[in-house]
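Q: Task: produce atomic coordinates for the following.
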Amino acid sequence: MAIFDDFWSQLKSGVVGFAENSWKDFKDAAINDGEDFLNKTKEDIQKWTVQLAEKKINGDDFEWLLKGKKDLAELVLLKQKGLVKADLDKFTNGLVDTVVSTAVKVFL
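A: The predicted structure follows:
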């Protein structure tokens, strides 16, 4: 479980970095919405990272599973900022990429 806790800490830092670097004008909203998505998917991410570490799934499988959860990213604060759907999709895709790259780095 300690390795997941380390991963989770790195992931949360990665989301903050993603928000600060890619969404400067909406940094606080991006961080909050990103963390909300992580909290909603934490149980699934934990299950899938175990499978990833045990090589029961690969990085592509992990990404596919996570993309299936994109609808849980409500992005309430970013929507309140007036972002259009294309921007919201870009944010969600970047968020998924951050989770996947962090998981691959830690577990593979």
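
Q: Buried residues of the longest helix that the chain contains, list them for me.
A: If you go by DSSP state H, the chain has its longest helix at helix 27-53. Across helix 27-53, burial judged by 16 or more other C-beta atoms under 10 Å covers 29-34, 36-38, 41, 45, 48-49, 52-53. C-beta coordinates here come from the backbone N, C-alpha and C atoms, glycine included.

Q: And the residue lying farthest from the centre of the chain, how far from residue 90?
A: Distance from the C-alpha centroid of the chain, by C-alpha atoms, centre = their mean, peaks at residue 82 (21.5 Å). Computed as C-beta to C-beta, to the nearest Å, the residue 82 to residue 90 distance reads 15 Å.

Q: Check residue 8 too.
A: 24 Å.

Q: Looking only at neighbour counts, state which of these two leads.
A: Between residue 8 and residue 90, counted using other C-beta atoms under 10 Å, residue 8 has the larger neighbour count: 17 against 14.

Q: In terms of distance to residue 4, which of the buried residues of helix 27-53 ranks first?
A: residue 49 (6.2 Å; C-beta to C-beta).

Q: which secondary structure elements does the longest helix of the chain contact?
A: Counting contacts by 3 or more C-beta pairs under 8 Å, 6 or more residues apart in numbering; DSSP states H and E, helix 27-53 is packed against helix 2-22, helix 59-67, helix 76-80, helix 85-107.

Q: could these be laid out in CSV, adding mean pLDDT?
A: Formatted as CSV, those follow (pLDDT from 0 to 100):
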stretch, mean pLDDT
helix 2-22, 96
helix 59-67, 97
helix 76-80, 96
helix 85-107, 97
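
Q: This completes my enquiry, with thanks.
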